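**Student:** Please work out how this folds:
(chains A and B)
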Amino acid sequence: MSFPTPHDGTGTILRFGALQYTVSNVAFAFTNPGDAADSNIDVGHLGQSAGEQLATLARPLVVPADDGGSGRNITFDYIGKSILLDGSTGTVYIAIGGTALIGSTAAGGTAFFATVASSTLTLATNDAVRGQGVLTLVRTAALT
Amino acid sequence: MAIPCQGVTFTWGGQTLSEVQELEVDLQRGLPLGRTVIWTASPGEVRLLGFSITNLPGSEYGKRKRLTIQCMSATSGGSLVTLFDADCIYRDTNTRANANDAVRFAHTFTVMDTLGAPSNP
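**Tutor:** Prediction:
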């Protein structure tokens, strides 16, 4: 039995820097651990009764959402022989069917800068040259 | 069977110690009596790790007071059960502060007299 997929990823494009990649898979981890509930400090103590809500304290420092330490990253598989240079930084733009998911190309839009955290290129017999990259979002900037 | 350890209260000379997260009780640490060693009485020590700076002011340092640890009994109709009751000397405070975390205080008490309490471990 097959099921329709009204929101599949067909028509997705991914640009990093000046290059557009022929992507076969994109995984976008957008959660910011700095905002997550588990970023609270556990200050539960023995004086609390069983069944009581665990005492927590908000962490005094907040991790910026687009900082490299936020944990926001993009993992993508592509077909091609471009090598992503380790540590290189560029703007990242992902669009589905012409609608931007992240990044912008228009003036006044928000550009997302990402740094290559890791990359692999696989060359195998009887297969296309395939690569994988992991980008970490490091900052945003307004496009002029 | 695991024993839950919540609802525990701490009093030091009648004063409540709050926000204690960890408790370590180490008892009966004295050397054994033998022909070639000198008997060293060392009933043990108690270490509390918690968050409240107001628990023990420096003026309490070196004082000998009664440290009592109690919890609500789950089987005795909710009555208070004494887990530990001894005369102790407040011996040491260790403060630890890490960035983006809560300040934690550790207080160490040297047990001087377990008062013969039957409930003591």
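**Student:** How about the contacts made by residue 97?
**Tutor:** Chain wasn't specified; assuming chain A. Applying CB atoms under 8 Å, 6 or more residues apart in numbering or on different chains, we find residue A:97 in contact with A:10-12. In this view, the C-beta of every residue, glycine as well, is placed from N, C-alpha and C.
**Student:** That was the other one, I meant chain B.
**Tutor:** Neighbours of residue B:97 in contact, by CB under 8 Å, 6+ apart: B:103-104.
**Student:** now do 7 Å
**Tutor:** For residue B:97, the contacting residues are residue B:103, by CB atoms under 7 Å, 6 or more residues apart in numbering or on different chains.
**Student:** Dump the contacts of residue A:97 into CSV; add distance to residue A:45 as well.
**Tutor:** Formatted as CSV, the contacts of residue A:97 follow (distance: CB to CB, whole Å):
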residue, distance to residue A:45
A:10, 53
A:11, 54
A:12, 49
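**Student:** nearest to chain B, of those residues?
**Tutor:** When the contacts of residue A:97 are compared for distance to chain B (CB to the nearest CB), residue A:12 wins out at 36.7 Å.
**Student:** what's across from the residue nearest to that closest one when sequence neighbours are not counted in the sheet?
**Tutor:** With sequence-adjacent residues excluded and distances taken as CB to CB, 6 or more residues apart in numbering or on different chains, residue A:12 is closest to residue A:96, at 5.0 Å. Under DSSP bridges, the beta-bridge partners of residue A:96 are residue A:12, residue A:99.
**Student:** For residue A:96, give its distance to chain B.
**Tutor:** 36 Å (CB to the nearest CB, to the nearest Å).
**Student:** if we can go back for a sec, could you identify the buried members of the contacts of residue A:97?
**Tutor:** For the contacts of residue A:97, a neighbour count by 16 or more other CB atoms under 10 Å in any protein chain shown gives the buried set as residue A:12.
**Student:** Can you pull out the low-pLDDT segments for the chain?
**Tutor:** I'll assume chain A. Along chain A, segments meeting pLDDT under 70 span A:1-7, A:32-38, A:63-70.
**Student:** that's the wrong chain, I wanted chain B
**Tutor:** B:1-2, B:28-41, B:74-78, B:116-121.
**Student:** Quick check: residues of it near chain A?
**Tutor:** By CB under 7 Å from any CB of the partner chain, the part of chain B that sits against chain A consists of B:4-9, B:18-21, B:23, B:50-51, B:100-102.
**Student:** Buried only: go through those for me.
**Tutor:** B:7-9, B:19-21, B:23, B:50-51, B:102.
**Student:** and the residue nearest to residue A:12, how many neighbours does it have?
**Tutor:** 15 (other CB atoms under 10 Å in any protein chain shown).
**Student:** and the residues of chain B next to chain A, which of them are in strands?
**Tutor:** B:8-9, B:20-21, B:23, B:50 (DSSP state E).
**Student:** quick one: the residue nearest to the spatial centre of chain B and residue B:27, what's the gap?
**Tutor:** Centroid-nearest residue in chain B: residue B:46, 3.7 Å away (criterion: CA atoms, centre = their mean). If you measure residue B:46 against residue B:27 using CB to CB, to the nearest Å, the figure is 9 Å.
**Student:** Quick check: neighbours shared by these two?
**Tutor:** Common neighbours of residue B:46 and residue B:27 (CB under 7 Å, 6+ apart) are residue B:111.
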